[in-house]
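[1] give me a 3D structure for the following:
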Amino acid sequence: MKGRWKLGWTLAAILAAFVAADVIAGQGPARGGGAGARGAAPGRGGAPGGAQGRGGGAARGGRGAPAEPAGPTPRLPNGKPDLSGHWANPYTSNMATGRNVLDPVTRQPLTWERQGESFPDAPHGGINGAKAFDLPYTEWGLKQWLAYDPVKNGDYAGSCMPFGLSRSINSPHGLQMTQNNDSLAIMFEQNTWFHWIPTNGMKWPEDLSRSWNGVSVGHWDGDMLVVETTGFNGYTRLDTAGHPHSK
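    Numbering: from 1, shown residues only. Predicted coordinates:
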């Protein structure tokens, strides 16, 4: 699996479990109205936005829509947007609901063959009601989705195993980003997990062991930071619902 996700003023978790090397975007919180903004998604408590950057915004746990951050877009010495700050994740327990399944280029909802087909005889997994063809699965991905049964086999997160990168971003816990010209570090509130992303063209060794979060590299597309992640160990799920992804 190659997970490809983008960070600008909208934080997006992108998954590639279902169409090999293709991507599906789950939109996250926007930190303000600076360059590269593509809208805001609900933060904690259902309030739009939810991320608190250096320009201001709603306090954590506050009510109502946060104020627009004041002043120009924060920038790094190299001129790229600076994503450093505390972010309040939108809890996304099921990435197939709402407007989470987006084309990464157009940011419009994806459509696919058999979309919405119901599978009432499959184990319900981590969702209420019958499973459906709710994401553009490959044949392998659909088989994994229909077989997933946390009631019978357990949910690895319930055994205190690491969530994995996508599920950590989708969790209801905040995170902090620290960034410079060469890299971005993401520090998760949940269990103090962290993830480091080089953005200066560095390549990881090809013989690294597969891991819970994989390894990421980032590059800039204008003011949008594109992050590609590979090398997952195969034990994690994309969300609480249990949507699968490959390695």
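[2] can we go C-alpha only for contacts and neighbour counts from here?
    Fine.
[3] hmm, residue 121 and residue 147 touching each other?
    No. Residue 147 lies out of contact with residue 121 (C-alpha atoms under 8 Å); the separation is 10.5 Å.
[4] any idea what the spatially closest residue to residue 151 that is not a sequence neighbour is structurally, helix, strand or coil?
    Nearest residue to residue 151, sequence neighbours excluded (C-alpha to C-alpha, 6 or more residues apart in numbering): residue 125, at 7.0 Å. Secondary structure assignment for residue 125 (DSSP: H, G, I helix; E, B strand; the rest coil): coil.
[5] figure out how far the longest helix seen in the chain is from the centre of its chain.
    Ranked by residue count, the top helix of the chain under DSSP state H comes out as helix 139-147. Relative to the chain's own centre, helix 139-147 is displaced by 21 Å; criterion: C-alpha atoms, centre = their mean, to the nearest Å.
[6] and for stretch 145-155?
    Relative to its chain's centre, stretch 145-155 lies at 22 Å (C-alpha atoms, centre = their mean).
[7] next, the buried residues of that stretch.
    By 16 or more other C-alpha atoms under 10 Å, the buried positions in stretch 145-155 come out as 145-146, 148-150, 155.
[8] next secondary structure after the helix or strand of the chain with the lowest mean pLDDT?
    Scoring the helices and strands of the chain by mean pLDDT, DSSP states H and E places strand 24-30 at the bottom, with a mean of 32. For strand 24-30, the following helix or strand on the C-terminal side (DSSP states H and E) is strand 85-87.
[9] what is the mean pLDDT for that following strand?
    Strand 85-87 shows a mean pLDDT of 92.
[10] which other helices and strands contact it?
    Applying 3 or more C-alpha pairs under 8 Å, 6 or more residues apart in numbering; DSSP states H and E, we find strand 85-87 packed against strand 175-179.
[11] now the strand it packs on - C-alpha only, PDB.
    Listed next in PDB are the C-alpha coordinates belonging to strand 175-179 (Å, rounded to 0.1, in the frame of the first residue of the first chain):
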ATOM      1  CA  LEU A 175      -1.800  16.200  17.900                       C
ATOM      2  CA  GLN A 176       1.000  18.700  17.600                       C
ATOM      3  CA  MET A 177       3.100  19.400  14.500                       C
ATOM      4  CA  THR A 178       6.600  20.800  14.600                       C
ATOM      5  CA  GLN A 179       8.100  21.800  11.200                       C
END
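[12] residues in contact with that strand: which ones?
    Strand 175-179 has contacts (C-alpha atoms under 8 Å, 6 or more residues apart in numbering) with 82-89, 184-189.
[13] ok, 10 Å please
    51-53, 76, 81-89, 168-169, 184-190, 192-199 (C-alpha atoms under 10 Å, 6 or more residues apart in numbering).
[14] same thing with stretch 114-124?
    Contacts of stretch 114-124 (C-alpha under 10 Å, 6+ apart): 129-137, 145-152, 241-242.
[15] that older thread, please produce TSV containing the buried residues of stretch 145-155, extended by distance to residue 99 and pLDDT.
    Listed next are the buried residues of stretch 145-155 as TSV, based on distance: C-alpha to C-alpha, whole Å; pLDDT from 0 to 100:
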residue	distance to residue 99	pLDDT
145	20	95
146	22	95
148	23	94
149	25	93
150	25	90
155	25	91
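[16] which pair of those residues spans the longest distance?
    Largest separation among these by C-alpha to C-alpha: 146 and 155, giving 15.0 Å.
[17] where's the residue of the chain most remote from its centre relative to residue 97, distance?
    Farthest-out residue of the chain from its mean C-alpha position, per C-alpha atoms, centre = their mean: residue 121, at 29.6 Å. Remark: distance between residue 121 and residue 97 (C-alpha to C-alpha, to the nearest Å) = 21 Å.
[18] quick check: closest non-adjacent residue to residue 244.
    Distance criterion C-alpha to C-alpha, 6+ apart; nearest residue to residue 244, sequence neighbours excluded, is residue 237 at 5.2 Å.
[19] fine by me, we can end here.
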